[in-house]
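[1] the following comprises the amino acid sequence and a computationally predicted model.
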Amino acid sequence: MNIRVICINDKDRPNEVPTTRWIKEGNIYHIIQIDKLLAQGGIYGCKLSEINNDDLAPYQYFRLDRFAVPEDLIDEEEVLNKIDLREVEEILKEEKITSENIG
């Protein structure tokens, strides 16, 4: 996964995350991983290729709603060609298993 996005919300940086490892509104980033964060109430979070916060638990992810795909970066044919349906099916399968386990 490598999705180009623009940061639309860099507010409320946790004090434990240094400014050098925080996002900046208006900057372009690349999402390399998206996960449902059950410990955060089930919101979606993402990891970026430009910033590695794996050692900053529990701040390894950025909220997905902090990003958007800029209109000028959208090429529908390119986006559709890069979607791996096996990845989508696996994510949906994992979510179903997780929701069944939760009740």
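    Now that the structure is in, tell me what you want to look at.
[2] only C-alpha atoms for contact and neighbour calcs from this point on.
    Fine.
[3] middle-most residue in the protein, spatially?
    C46 (2.0 Å; Cα atoms, centre = their mean).
[4] what comes up buried for the longest strand along the chain?
    Counting by DSSP state E, the longest strand found in the chain is strand 28-37. By 16 or more other Cα atoms under 10 Å, the buried positions in strand 28-37 come out as 28-31, 34-36.
[5] let me see the contact set for the residue nearest to the centre of the chain.
    31-35, 61-64 (Cα atoms under 8 Å, 6 or more residues apart in numbering).
[6] how does it look with 6 Å?
    33-34, 61-62, 64 (Cα atoms under 6 Å, 6 or more residues apart in numbering).
[7] for it, helix, strand, or coil?
    strand (DSSP: H, G, I helix; E, B strand; the rest coil).
[8] beta-bridge partners for it, please?
    I34, F62 (DSSP bridges).
[9] now do it, the pLDDT please.
    C46 carries a pLDDT value of 96.
[10] so how far is C7 from it?
    12 Å (Cα to Cα, to the nearest Å).
[11] what does A57 give?
    21 Å.
[12] cool, and E50?
    Applying Cα to Cα to E50 and C7 gives a distance of 12 Å.
[13] kindly report the same for G42.
    21 Å.
[14] more neighbours: which of the two?
    C7 (19 against 10; other Cα atoms under 10 Å).
[15] got the contact list for that one?
    25-27, 66-67.
[16] scan the residues you listed and report the most crowded one.
    Result: F67 is most packed of those (other Cα under 10 Å), 23 neighbours.
[17] shouldn't that residue be in contact with I6?
    Yes - using Cα atoms under 6 Å, F67 is in contact with I6, at 5.5 Å.
[18] ranges for the helices of the chain?
    With DSSP state H as the criterion, the chain has helices at 76-82, 85-102.
[19] per-stretch mean pLDDT over these, give me the minimum one.
    The bottom spot among the helices of the chain, by mean pLDDT, belongs to helix 76-82, with a mean of 52.
[20] for the residue nearest to F67 when sequence neighbours are not counted, give its distance to I31.
    Leaving aside its chain neighbours, F67 sits nearest to C7 (4.5 Å; criterion: Cα to Cα, 6 or more residues apart in numbering). C7 is 11 Å from I31, where distance means Cα to Cα.
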